[in-house]
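Asks: Build me a model from this:
(chains A and B)
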2 protein chains.
Amino acid sequence: MILLDGKKLSKKILEEVKQGVLGVAQKPRLAVVVVGKDPVVAKFIEQKKKAAESVGIEVRIYPFEEKVTTNELRKRLAEIVHEKKNTGVIVQLPLPAHVNSQYILNAVTPGKDADMLSSRALGNFVTGKSAIFPPVVGAARALFEEYGIDYKNKYIAVVGAGNLVGKPMALWLLNEKTTFSVVRSSTKNPEEFLRRADVIISGIGKPKFITADMVKEGAVIIDAGTSESAGKIAGDVDFDSVSPKASFITPIPGGVGPVTVAVLLKNLVMLTKLKNV
Amino acid sequence: MILLDGKKLSKKILEEVKQGVLGVAQKPRLAVVVVGKDPVVAKFIEQKKKAAESVGIEVRIYPFEEKVTTNELRKRLAEIVHEKKNTGVIVQLPLPAHVNSQYILNAVTPGKDADMLSSRALGNFVTGKSAIFPPVVGAARALFEEYGIDYKNKYIAVVGAGNLVGKPMALWLLNEKTTFSVVRSSTKNPEEFLRRADVIISGIGKPKFITADMVKEGAVIIDAGTSESAGKIAGDVDFDSVSPKASFITPIPGGVGPVTVAVLLKNLVMLTKLKNV
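Replies: Sure thing, here's the model as predicted:
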């Protein structure tokens, strides 16, 4: 079993990002829109900020109160997107239940959408017209590349179909020459798919959802799940039981997470560069 | 085995479309951009034209020579889209190999994109922000609804991942609560997926690709494949051998095709209505 060392890979990508920052005329700045005060969310933002600042990218946090309305937030977000100094704008998810999330996300123009969560960025991605990848997809790609894992002629099971992991992964796999399945919470027999999969990419957000009996000997396991379990960030995979069967597996922490952050920043620099062409 | 009668369903939808046409302030007009002179393509256009005119929708064909450049075509298409009388604009596919198809398709604005092939229309669809469905998806939905077929809690195999069938189907299934797999030409063992599928939706464009031994007893078979075989339009399914095993199956001709045309026209009327709100 080989551990997919996301921390190491993220450092490598961040080193490239650092060089990229030096090469663009405008200094990249990441605007982060944050609604409410969730401590887990605050931790994610802190990670992004730290990584960004380590490569010379400024981060500007725009905090909003939990009770902000969809209309207020959309209006303010449009201004934040319009601000020239912000070369990328991300909206930290989840937004409060009373906010229309996609309507908010759609206020980020494709040229500043480093997270690729707007309809337009996703449409460009689906039709092969995007210069960047959704961060979590870019992370999976980078891990496969770094470790020489051939995923193209394999059978891939995507676990979960959420906006942050499963959906962008499936959109990506649609455009690659892969055979894949999407299984989700409502799937009655997920093990029937997982047991046959050469590669499992999971983002269902259920701690220990994937156990050893559901995994084929020699499978590649990418755990992009994030949920909170007893105050700690947990993945979807029961690492202790699954890892002995896997050929490659991501740990949590130190797996997909840090690579995703590095790819987000890589996207930001790419968008800044394209804007300044 | 119950035959999914697309001809009958298309008539029902066209009747609704006819009523819809009477209800909109502006008379809908479908602009059809056609490059080259393929006789099979000409036949498809003829079918659309006939259906449209039967419900009071005007069709205007814009023919281009095979040798048109991407830039010329994009420029002319922008004018066609801009023309107020055209309330919907479709580009007949395939375009010649030297033309950048997606760049052309992206010249159709979402408000006139009845075929939903542009990046923006697809992005809206992926994020649940579209008022209409890609025609072939709308056709599958309408067939399921008409015949009371529950597809949501079933395992669906999508065969092929092309822009016209497999891709929009997969985008749709991602947003529905379904478990699905995408198998394609490069899949080594498509039968392993198909034999377990409750529903097969095929658009791989290979005559008799799906044979009886690949299908589970009682499966629902939606054949949206179109290829040319000995001068006739053929589907993907070996109808004679598969139909005895199926619970429901679409014939060709008279299956998905006519319903897809009816949904395209339904989309056109919806877009015309939204524009005139």
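
Asks: any idea how far the lowest-mean-pLDDT helix or strand in chain A is from the chain center?
Replies: For chain A, using mean pLDDT, DSSP states H and E, the weakest element among its helices and strands is strand A:227-229, scoring a mean of 77. Using C-alpha atoms, centre = their mean, to the nearest Å, the mean C-alpha position of strand A:227-229 is found 17 Å from that of the whole chain.

Asks: and what of stretch A:242-249?
Replies: 22 Å.

Asks: From the rest of the structure, what touches that stretch?
Replies: A:1-4, A:147, A:149, A:210-212, A:215-221, A:223, A:237, A:239 (C-beta atoms under 8 Å, 6 or more residues apart in numbering or on different chains). Yep, even glycine has a C-beta here, placed from its N, CA and C like the rest.

Asks: For the least confident helix or strand of chain A, enumerate the helices and strands it packs against.
Replies: strand A:232-234 (3 or more C-beta pairs under 8 Å, 6 or more residues apart in numbering or on different chains; DSSP states H and E).

Asks: do that again at 10 Å, thanks
Replies: Applying 3 or more C-beta pairs under 10 Å, 6 or more residues apart in numbering or on different chains; DSSP states H and E, one finds that strand A:227-229 makes contact with helix A:39-54, strand A:232-234.

Asks: Quick one: buried ones out of the contacts of stretch A:242-249?
Replies: Listed as buried from those are A:4, A:149, A:210, A:215, A:216, A:219, A:220, A:221, A:223, A:237, A:239; burial here means 16 or more other C-beta atoms under 10 Å in any protein chain shown.

Asks: May I see these arranged in TSV, with pLDDT and distance to chain B as well?
Replies: Shown next, in TSV, are the buried ones among the contacts of stretch A:242-249 (pLDDT from 0 to 100; distance: C-beta to the nearest C-beta, whole Å):
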residue	pLDDT	distance to chain B
A:4	98	25
A:149	98	17
A:210	98	16
A:215	98	18
A:216	98	13
A:219	98	16
A:220	98	17
A:221	98	19
A:223	98	20
A:237	97	20
A:239	97	25
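
Asks: Going by secondary structure, the residue in chain A that chain B sits nearest to is in what exactly?
Replies: Per C-beta to the nearest C-beta, the residue of chain A with the smallest distance to chain B is residue A:123, at 2.3 Å. Using DSSP states H and E, residue A:123 sits in helix A:119-126.

Asks: Now do that helix against helix B:119-126, angle only.
Replies: Put simply, helix A:119-126 runs at 100 degrees to helix B:119-126, going by axes from the mean of the first three to the mean of the last three C-alpha atoms, to 10 degrees.

Asks: immediately after helix A:119-126, which helix or strand?
Replies: Next in line after helix A:119-126, if elements are assigned by DSSP H and E, sits helix A:135-146.

Asks: Which elements pack onto that next one?
Replies: Counting contacts by 3+ C-beta pairs under 10 Å, 6+ apart, helix A:135-146 packs against helix A:6-23, helix A:166-175, strand A:199-202, strand A:220-223, helix A:256-275.

Asks: What residues of the longest one count as buried?
Replies: The reference is to helix A:256-275. Using 16+ other C-beta under 10 Å as the test for burial, helix A:256-275 gives A:256-273, A:275.

Asks: Equivalent analysis for the first one, please.
Replies: Under the neighbour-count criterion of 16+ other C-beta under 10 Å, helix A:6-23 has A:6, A:9, A:10, A:13, A:14, A:17, A:18, A:20, A:21 buried.

Asks: Dump those to JSON lines, plus pLDDT.
Replies: Formatted as JSON lines, the buried residues of helix A:6-23 follow (pLDDT from 0 to 100):
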{"residue": "A:6", "pLDDT": "98"}
{"residue": "A:9", "pLDDT": "98"}
{"residue": "A:10", "pLDDT": "98"}
{"residue": "A:13", "pLDDT": "98"}
{"residue": "A:14", "pLDDT": "98"}
{"residue": "A:17", "pLDDT": "98"}
{"residue": "A:18", "pLDDT": "98"}
{"residue": "A:20", "pLDDT": "97"}
{"residue": "A:21", "pLDDT": "97"}
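
Asks: For the least confident helix or strand of chain A, give me every contacting residue.
Replies: A:38-40, A:204-209, A:233-236 (C-beta atoms under 10 Å, 6 or more residues apart in numbering or on different chains).

Asks: Quick one: buried ones out of the residues you listed?
Replies: A:38, A:204, A:205, A:206, A:207, A:208, A:209, A:233, A:234, A:235, A:236.

Asks: Of all those residues, the one with the weakest confidence?
Replies: Lowest pLDDT of the buried ones among the contacts of strand A:227-229: residue A:233, 82.

Asks: hey, what's it bridged with?
Replies: Beta bridges link residue A:233 to residue A:228 when assigned by DSSP bridges.

Asks: I'd like to know how far it sits from residue B:126.
Replies: In this view, residue A:233 and residue B:126 are 27 Å apart by C-beta to C-beta, to the nearest Å.

Asks: what mean pLDDT does stretch A:111-121 have?
Replies: For stretch A:111-121, the per-residue pLDDT averages 98.

Asks: ugh, wrong one, stretch A:165-178
Replies: Mean pLDDT, stretch A:165-178: 96.
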